[in-house]
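Asker: below: sequence and its predicted model.
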2 protein chains.
Amino acid sequence: MTPGYDYIRDGAEIYRKSFATIRSEADLARFSDDEARVAVRIIHACGMVDVAKDLTFSPGFTEAAQAALKAGAPILCDAKMVANGVTRTRLPAENRVICTLDFPAVPGLAKEIGNTRSAAALDLWGAEMEGALVAIGNAPTALFHLLELFDAGAPLPAAVIGMPVGFVGAAESKEALAADGRVPCLTVSGRRGGSAMTAAAVNALATEVE
Amino acid sequence: MTPGYDYIRDGAEIYRKSFATIRSEADLARFSDDEARVAVRIIHACGMVDVAKDLTFSPGFTEAAQAALKAGAPILCDAKMVANGVTRTRLPAENRVICTLDFPAVPGLAKEIGNTRSAAALDLWGAEMEGALVAIGNAPTALFHLLELFDAGAPLPAAVIGMPVGFVGAAESKEALAADGRVPCLTVSGRRGGSAMTAAAVNALATEVE
């Protein structure tokens, strides 16, 4: 087939040029090198360099998340789109990527606890939560419920990426996470967020390869 | 467990309040009712009401896409995250949701045509493309290659959602689609886009239920 349009067709070159554009445009000065790599990949996933200003990395977050992944910790996701966005070949220890949202017990559990299915699904994480990397990219109720599980004495994960998107509870749940302090965390303030940005953060933490 | 945080725990109420907030804040005046429903769901997926101004619906797009779905047309996706974001229970005719990106033939095909795997995966859509709803939410190369397939005489889909995200080719590929005119289309100008916004558009077209 004769190429009819003038565009870059080489995947590696597209990545290289994308990341160079992001690094030339985004203000990454306040980040450590590891945080900047995460920020770059989040920006890459959403197409917006200004999202950098809304990111909050708690002290020790990147170190905790990276160490957990290297040690084989599972990645616990609130949504299948988050789980699906994790690039398996980047993971350092063939880490399991877990999303319990479509487990048969979830609808009944949601009724029982009077919360959404996204929130109830977290109750099935159980002992897997200990030392895990939690990645919440869709549901504010899941992020609020995570903090409720901590209150109830659930095992603590190694680190939490909390980036639900939307208009009801998203900003508030991320504020609550950032203020919580029990687990190192990464959040994006306001309404923006979502599964692509969340998976991008996981992918950046999984390996230093850009 | 004692609820420790004050937030809405009812999924239906969260949707209702989210959509009401979006409709009160977003400028939807230039859209038809159907286009507005699609715009609202796209905004819901990304958390940004101002994205409304960047949406372009070509004449007849919503009608063509809705009719295709009702007639049982498949939904052809460039990325698994797009396919995963389509809510199966909203589909009017148990429509198949197809993503060929991880088919074994794709890496070899990509080498052969000198393009990305995302682009090469479209070559496997074949006759499925006729009358389908195409949903490209990740790779600009896939959207460019779709237009190349049209040039080469491939069967035309009923409608195309073209919303790849990013810094290299995204804006340009969407401009090319909007200018193409062979198939009714929906695009978002600029760098923004992505699998969540694209799946949200499919979900809005699938049923009028908000």
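Answerer: Cool, got the structure. Everything numeric here is computed off the predicted structure, so don't read it as measured data.
Asker: so, low pLDDT: which residues of chain A?
Answerer: Residues of chain A meeting the criterion pLDDT under 70: A:1-3.
Asker: need the helices for it, in chain order.
Answerer: For chain A, the helices identified by DSSP state H occupy A:11-25, A:33-46, A:61-70, A:80-85, A:106-113, A:117-120, A:140-151, A:170-180, A:195-206, in order along the chain.
Asker: tell me what the longest one is packed against?
Answerer: The reference is to helix A:11-25. With contacts taken as 3 or more CB pairs under 8 Å, 6 or more residues apart in numbering or on different chains; DSSP states H and E, helix A:11-25 sits against helix A:33-46, helix B:140-151. Every C-beta, even on glycine, is put in place using the N, C-alpha and C of the backbone.
Asker: so which of those is nearest B:Glu208?
Answerer: Among those, helix B:140-151 comes nearest to B:Glu208, with 27.3 Å by CB to CB.
Asker: quick one, the closest one and helix A:11-25 angle?
Answerer: Orientation of helix B:140-151 against helix A:11-25 (axes from the mean of the first three to the mean of the last three CA atoms, to 10 degrees) gives an angle of 130 degrees.
Asker: got the buried residues for helix B:140-151?
Answerer: With burial defined by 16 or more other CB atoms under 10 Å in any protein chain shown, the residues of helix B:140-151 counted as buried are B:Pro140, B:Thr141, B:Ala142, B:Leu143, B:Phe144, B:His145, B:Leu146, B:Leu147, B:Glu148, B:Leu149, B:Phe150.
Asker: quick one on the thing from earlier: distance to B:Tyr5 added to the helices and strands packed on helix A:11-25, as TSV?
Answerer: Rendered in TSV, the data for these read as follows (distance: least, CB to CB, whole Å):
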stretch	distance to B:Tyr5
helix A:33-46	25
helix B:140-151	41
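Asker: can you tell which of those helices is closest to A:Ala196?
Answerer: Smallest distance to A:Ala196 across the helices and strands packed on helix A:11-25 (CB to CB): 4.3 Å, for helix A:33-46.
Asker: flag every buried residue along that closest one.
Answerer: Taking 16+ other CB under 10 Å as the basis for neighbour counts, the residues of helix A:33-46 that come out buried are A:34-46.
Asker: just stretch A:53-61 next, same as before
Answerer: For stretch A:53-61, the neighbour count (16+ other CB under 10 Å) marks A:Asp54, A:Leu55, A:Phe57, A:Ser58, A:Phe61 as buried.
Asker: residues in contact with the last one?
Answerer: A:Phe61 makes contact with A:Glu35, A:Ala159, A:Pro184, A:Cys185, A:Leu186, according to CB atoms under 8 Å, 6 or more residues apart in numbering or on different chains.
Asker: what is the nearest of these to chain B?
Answerer: Nearest to chain B among those, counting by CB to the nearest CB, is A:Cys185 at 15.7 Å.
Asker: give the contact list for that closest one.
Answerer: Under the criterion of CB under 8 Å, 6+ apart, the neighbours of A:Cys185 are A:Thr56, A:Ser58, A:Phe61, A:Ala159, A:Val160, A:Ile161, A:Gly162, A:Leu177, A:Ala178.
Asker: picking that back up, which of the buried residues of helix A:33-46 are close to chain B?
Answerer: If you filter the buried residues of helix A:33-46 for contact with chain B, counting by CB under 8 Å from any CB of the partner chain, you are left with A:His44, A:Ala45, A:Cys46.
Asker: pretty sure the second one is touching A:Ala200, no?
Answerer: Okay, so that is A:Ala45. Yes. Under the contact definition of CB atoms under 8 Å, A:Ala45 touches A:Ala200, with a separation of 3.7 Å.
Asker: picking that back up, out of the helices of chain A, which gets nearest to B:Ala170?
Answerer: Across the helices of chain A, the minimum distance to B:Ala170, taken as CB to CB, is reached by helix A:11-25, at 9.3 Å.
Asker: now do that closest one and helix B:106-113, the angle between them.
Answerer: Between helix A:11-25 and helix B:106-113, the angle comes out at 90 degrees (the same axes, to 10 degrees).
Asker: any idea how far helix A:11-25 is from the chain center?
Answerer: Helix A:11-25 has its C-alpha centroid displaced from the chain centroid by 21 Å (CA atoms, centre = their mean, to the nearest Å).
Asker: so which bits of it are buried?
Answerer: A:Gly11, A:Ile14, A:Ser18, A:Phe19, A:Thr21, A:Ile22, A:Arg23.
Asker: now stretch A:64-76
Answerer: Buried residues in stretch A:64-76, counting neighbours by 16+ other CB under 10 Å, are found at A:Ala64, A:Ala65, A:Gln66, A:Ala68, A:Leu69, A:Ala73, A:Pro74, A:Ile75, A:Leu76.
Asker: likewise for stretch A:113-129?
Answerer: A:113, A:115-123, A:125, A:128-129.
Asker: quick one on the thing from earlier: so can I have a markdown table of the contacts of A:Cys185 showing distance to B:Tyr7?
Answerer: As requested, the contacts of A:Cys185 are exported to a markdown table (distance: CB to CB, whole Å):
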| residue | distance to B:Tyr7 |
| --- | --- |
| A:Thr56 | 20 |
| A:Ser58 | 21 |
| A:Phe61 | 24 |
| A:Ala159 | 23 |
| A:Val160 | 17 |
| A:Ile161 | 19 |
| A:Gly162 | 14 |
| A:Leu177 | 12 |
| A:Ala178 | 15 |
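Asker: closest to chain B out of those residues?
Answerer: For the contacts of A:Cys185, the minimum distance to chain B (CB to the nearest CB) is 10.6 Å, reached by A:Leu177.
Asker: neighbours of the closest one, how many?
Answerer: By the other CB atoms under 10 Å in any protein chain shown criterion, the neighbourhood of A:Leu177 contains 26 residues.
Asker: with that, I have no additional questions.
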